[in-house]
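**Q** Just the structure for this:
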Amino acid sequence: MLPPAPLQFMATVHTEPDGRRILYVKGAPDRLMPLCKSQLIGAGDVTQTAPLDPSFWQHAQAGLSSKGLRVLALCRWGDGGHRMNF
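**A** A predicted model of the protein is given here:
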């Protein structure tokens with residue numbers, strides 16, 4: 001058995017057609033939420049965001065985890081800001 005990863009996330013960088021680079025990070029929600037400032041609210045539209053609501057996500061994670069499901073978060077960064085979108 002492998003020991004747990006200390007960072008508990010994985011990141012990849014993708015180049016958009018217009019040349020911008022976008023960073024996608026997946027991992028444990030408790031590790032990623034502190035790195036985020038907002039959450040996406042529009043389906044398929046990454047420009048529609050709202051302030052991050054940690055209690056909503058913690059409740060959702062607890063509900064899924066109580067059913068034995070593993071929960072992963074996906075964050076995106078690429079707007080030039082210092083925090084990611086959850």
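
**Q** Okay, and the beta partners of the residue nearest the centre of the chain?
**A** By Cα atoms, centre = their mean, the chain has its centre lying nearest to residue 75, at 2.5 Å. Going by DSSP bridges, residue 75 is paired in beta bridges with residue 25.

**Q** quick one: it from residue 68, how far?
**A** Per Cβ to Cβ, to the nearest Å, residue 75 is found 24 Å from residue 68. C-betas here are computed from N, CA, C, even on glycine.

**Q** Let me see the ranges of the strands in the protein.
**A** 9-15, 21-27, 36-42, 45-51, 73-77, 84-85 (DSSP state E).

**Q** any idea of the mean pLDDT in the top helix by length along the chain?
**A** When the chain is parsed with DSSP state H, its longest helix is helix 54-65. Averaging pLDDT along helix 54-65 gives 94.

**Q** Please point out which parts of that helix sit buried.
**A** 57, 61 (16 or more other Cβ atoms under 10 Å).
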